[in-house]
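In: Next comes the sequence, and after it the predicted model I'd like to discuss.
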Amino acid sequence: MHRIADKIVDFFKWPIAIFMLLSLPALIKSLDYFNFTNVKYWALFAGFLFFFVARTMMDSSVRASMEVLAHELTHAFFALLTFHKVNGLKINSDDSGGNMSFEGEGNWLIIIAPYFFPLFGLIAMITISVYQWFAPMNIFICAAFGYIIGYHVDTVCSQIHEKQTDLPKVGYPFCAIFLPPANLWMVGWMMAFNSRGWGGISTFNRLIWHLDKQYFNYVINLLGF
């Protein structure tokens, strides 16, 4: 099963990259549709900024261990999503990196997933959803979620460097095209969730599709087709 999944994922590698690149204007424009004056976003931004204040007081070894753990767990998560059996996960004792082993050859999505997908953000959203069965969303939860977004942004930025071994495997041109819009899309998801839960994510996706169609029609008309 994982062989079929790998072939499908690899087949759509460049079409997805091109789609993400073409969606970049829509992703930037979508910021205009967020109600940033809402108190939920004030709390979110407070938590986001607090992360970077707290980061300066974190023990560097603890921070590095968390980054490596999140990195390898994200590899493992996407391996499982594409039907691979995960055989093991190892973190180097000096926190210089780690390794996740699985059956099969794998695909580009497994390799690049930690550089755009907020696994801890997904866990936080699921946790918040469970919490909301018992109590309503409040500004403290929003602030905590903002802290998670800050962690995601910081982790992604700190992992993208010339010594990173994953990026050459999928190609630097692909990374340059795919990663910026993919990260904007994921952050958009989390901000939309902060406002309206899972329904907010659905609304955000529909907005991007709507803006994409607007830009596509604009380009078609501009070219005279």
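Out: Structure's in. What do you need?
In: Quick one: low-confidence residue ranges for the chain.
Out: Applying pLDDT under 70 to the chain flags residues 93-97, 224-225.
In: Mind jotting down where the strands sit in it?
Out: Counting by DSSP state E, the chain has strands at residues 86-91, 98-102.
In: Minimum distance to residue 188: which of those has it?
Out: Among those, strand 98-102 comes nearest to residue 188, with 27.5 Å by Cβ to Cβ. For every residue, glycine as well, the C-beta is placed using N, CA and C.
In: What residues sit buried inside the closest one?
Out: 98, 100, 102 (16 or more other Cβ atoms under 10 Å).
In: Sheet-wise, list the partners of that strand with their directions.
Out: Strand 98-102 pairs in its sheet with strand 86-91 (antiparallel), by DSSP bridges.
In: Okay, buried residues for the strand it pairs with please.
Out: Neighbour count says strand 86-91 has 86, 91 buried, by 16+ other Cβ under 10 Å.
In: my guess is residue 151 meets residue 52, correct?
Out: No: if you go by Cβ atoms under 8 Å, residue 151 and residue 52 don't touch, sitting 9.8 Å apart.
In: Between those two, which has more neighbouring residues?
Out: residue 151 (23 against 13; other Cβ atoms under 10 Å).
In: Looking at the buried residues of strand 98-102, which is nearest residue 113?
Out: residue 100 (10.7 Å).
In: Run a quick check on the closest one versus residue 72, I expect a contact.
Out: Yes: Residue 100 is within contact range of residue 72, at 4.7 Å (criterion: Cβ under 8 Å).
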